[in-house]
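# Fold the stuff below for me.
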Amino acid sequence: MPDVLAAIDIGTNSVHMVVARVTGSGRFEVLTRQKEMVRLGSGDNPRMLAPDAIDRGIAALVRCRPIADSAGAEIRAVATAAIREADNRDEFLRRARDEAGIDVEVVSGYEEARLIHLGVLQTLAVYDRRLVLCDIGGGSTELLVGEGDDVLLARSLNLGAISVTARFFGDGQWTAPKVDACRTFVRDLLSNAARGITREHPELLIGTSGTVETLVAMSLRAAGEELPRTLNGASLTRAGVTESIAKLVEAGSGLAARSLRGVEEKRSDILLGGAIILDEVMEAAELDQLTFSDGALREGILFDELYRRTGGNNRHQLSDIRRQGVLHLMELCEEDPDHAMQTAWIARQLFEGLEARLDLGDGAAELLEAAALLANVGLFISHSRHHHHSYYVIRNAEYLTGFTDNEIEVIAQTARYHRRAVPSVDRHPPFAALEDDDRHRVRALAGILRIAIGLDRGHAGAVQRISVGHADEGVQIGAGGKEPDVDVALEVWSGGQRVGLLAYVMGCPVAVGTLDDDDA
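Prediction:
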């Protein structure tokens with residue numbers, strides 16, 4: 001199969017291409033992206049693509065072609081609602097083939113939802129949970145209930161941000177009566193799908209697309225928060241959606257809405273229609289909170305193409321995307337992966353022995369493992385101050401899919417504090433910017449990581465047994481080799497030199513010693 005694939009999503013609102021290299025581990029390394037707002041769904045007749053819209057779409061594909069060719073990529077292009085519903089779609093398909101050299105595949109609503117689902121499973125760790133997916137496009141809304149890679153229900157509705165806007169807000173004016181009429185229309189079209197969704201009892205709602213992303217950004221800005229590097233994994237409550245709708249109606253028009261914080265200028269005119277759709281979907285699904293995924297149709301196309309060509313041998317990655325991303329980054333940058341794996345194993349044993357007293361919340365063990373595996377990736381840049389470089393690499397790597405921006409920050413800071421200075425609110429602005437719970441988590445995890453690194457001081461994997469004991473006078477950590485006669489004196493000494501941060505967090509002495517023969 002080709003080393004590089006290009007996936008093109010031809011939507012009602014935009015043409016978006018992602019070019020990615022297939023790695024040896026069956027993952028994708030994104031090389032470049034190209035996105036243009038073309039508004040294929042604009043025009044007076046929803047059943048016909050307007051001539052100028054076709055021209056814009058074809059021009060965008062013509063610009064995509066050399067970008068894909070320069071990377072040596074094989075192209076798979078998929079068209080959705082605007083072209084799927086158009087009576088003159090053959091004209092677009094012919095011109096795409098003749099002028100851009102791209103064969104476009106028109107997919108059904110069900111297939112579109114399935115591909116989006118695959119894209120989501122690559123970016124969020126939700127494989128084992130029953131979810132309802134909502135993707136609000138320009139011309140349609142795709143709804144899917146899935147668990148694992150199984151699709152339990154899929155519906156494609158002729159409700160899109162552009163089509164709803166044209167029907168109810170065509171004059172550009174936003175008023176409460178128009179909003180009420182739009183809600184009634186959307187609710188009616190959702191009713192059948194709503195019954196099917198609630199019968200499946202999904203436990204969480206995942207939202208994708210630019211409309212949802214913009215509403216998440218608006219909600220964060222309204223709360224006085226700065227936007228993170230990525231909104232993947234960010235949450236949005238229904239109260240946040242209704243508050244955004246109220247602000248948009250108060251603004252009165254798409255032009256005026258551009259001044260609202262978090263609103264993307266190119267999307268402002270269709271945002272109210274999309275927000276109403278989302279609000280009614282949340283009502284229909286009986287779920288008051290949404291998680292945003294930046295994985296969508298394009299990522300689904302890439303994975304589906306890889307799946308087709310490998311006979312499904314990589315499917316397991318969807319259930320373990322977070323760890324796969326961590327391991328991939330480690331393999332790229334770590335000089336001594338065996339040491340990293342040994343450190344992560346020791347850290348996990350220490351965590352299990354200390355967990356009850358540390359109160360670090362759900363998921364802390366996974367964050368510690370990631371930080372242990374990635375603590376030394378900064379050596380890829382320079383040995384000097386490599387813990388600082390590790391922070392930078394982790395914080396800016398694109399491979400850590402499935403983690404939220406906040407989780408990546410905790411991993412990066414835990415790795416950053418695996419040596420030298422301890423976390424300080426006064427001297428380290430990134431640490432000071434964390435919430436109190438996350439500061440405690442970073443201190444505790446970094447304290448464990450320091451000892452774990454010391455217990456593999458010789459990079460030989462000598463320590464194969466760990467014990468953690470608790471007494472009134474403090475915590476006693478024991479370390480030993482696989483056999484009682486294995487010399488671990490260097491590791492025990494080194495681990496004992498690194499107990500200060502953990503002792504501070506726990507408020508008691510921490511000591512490291514050699515396991516007795518009786519513990520073999």
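# Poorly predicted segments of the protein, please.
Counting by pLDDT under 70, the chain contains low-confidence residues at 1-2, 24-26, 310-319, 517-520.
# how does it divide into domains?
Structural domains assigned to the chain are 4-106, 110-297, 321-519, following automatic domain parsing.
# got JSON lines for those, with distance to Leu306 and mean neighbour count too?
Yep, even glycine has a C-beta here, placed from its N, CA and C like the rest. As requested, these are exported to JSON lines (distance: least, CB to CB, whole Å; neighbours: other CB atoms under 10 Å):
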{"stretch": "domain 4-106", "distance to Leu306": "6", "mean neighbour count": "19"}
{"stretch": "domain 110-297", "distance to Leu306": "10", "mean neighbour count": "20"}
{"stretch": "domain 321-519", "distance to Leu306": "13", "mean neighbour count": "19"}
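# Of all those domains, which one is nearest Glu305?
domain 4-106 (5.6 Å; CB to CB).
# What is the linear distance spanned by the closest one between its boundary residues?
22 Å (CA to CA, to the nearest Å).
# ditto for stretch 246-262
15 Å.
# tell me how far it is from the chain's mean position?
Put simply, stretch 246-262 sits 28 Å off its chain's centre (CA atoms, centre = their mean, to the nearest Å).
# what do you get for stretch 123-131?
Worked out by CA atoms, centre = their mean, stretch 123-131 lies 11 Å from the chain centre.
# would you turn the domains of the chain into a markdown table with distance to Arg308?
Shown next, in a markdown table, are the domains of the chain (distance: least, CB to CB, whole Å):
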| stretch | distance to Arg308 |
| --- | --- |
| domain 4-106 | 10 |
| domain 110-297 | 12 |
| domain 321-519 | 19 |
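# Which one of the ones you listed lies nearest to Asp304?
domain 110-297 (5.8 Å).
# and the end-to-end length of the closest one?
12 Å.
# Stretch 78-92 too?
13 Å.
# And the contacts of that stretch?
7-12, 40-41, 46-49, 54, 57-58, 93, 104-109, 112, 115, 137-140, 156, 158, 160, 297, 301 (CB atoms under 8 Å, 6 or more residues apart in numbering).
# In strands, which of the residues you listed appear?
Using DSSP state E, 7-10, 104-106, 156 are the members of the contacts of stretch 78-92 that sit in strands.
# Work out for me the element Ala68 sits within.
helix 51-70 (DSSP states H and E).
# following that helix, which helix or strand comes up?
With DSSP H and E, the next secondary element past helix 51-70 is strand 74-79.
# got the CA positions of the helix holding Ala68 in PDB?
Only the C-alpha atoms of helix 51-70 are listed here, as PDB (Å, rounded to 0.1, in the frame of the first residue of the first chain):
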ATOM      1  CA  PRO A  51     -22.800  27.300 -11.200                       C
ATOM      2  CA  ASP A  52     -20.600  29.600  -9.100                       C
ATOM      3  CA  ALA A  53     -20.600  27.000  -6.200                       C
ATOM      4  CA  ILE A  54     -19.400  24.300  -8.600                       C
ATOM      5  CA  ASP A  55     -16.700  26.600  -9.800                       C
ATOM      6  CA  ARG A  56     -15.500  27.200  -6.200                       C
ATOM      7  CA  GLY A  57     -15.500  23.500  -5.400                       C
ATOM      8  CA  ILE A  58     -13.600  22.500  -8.500                       C
ATOM      9  CA  ALA A  59     -11.100  25.300  -8.000                       C
ATOM     10  CA  ALA A  60     -10.500  24.000  -4.400                       C
ATOM     11  CA  LEU A  61      -9.900  20.500  -5.700                       C
ATOM     12  CA  VAL A  62      -7.500  21.800  -8.400                       C
ATOM     13  CA  ARG A  63      -5.500  23.400  -5.600                       C
ATOM     14  CA  CYS A  64      -5.500  20.200  -3.500                       C
ATOM     15  CA  ARG A  65      -4.100  18.000  -6.400                       C
ATOM     16  CA  PRO A  66      -0.500  19.400  -6.500                       C
ATOM     17  CA  ILE A  67      -0.300  19.400  -2.700                       C
ATOM     18  CA  ALA A  68      -1.200  15.700  -2.600                       C
ATOM     19  CA  ASP A  69       1.100  15.000  -5.600                       C
ATOM     20  CA  SER A  70       4.100  16.700  -4.000                       C
END
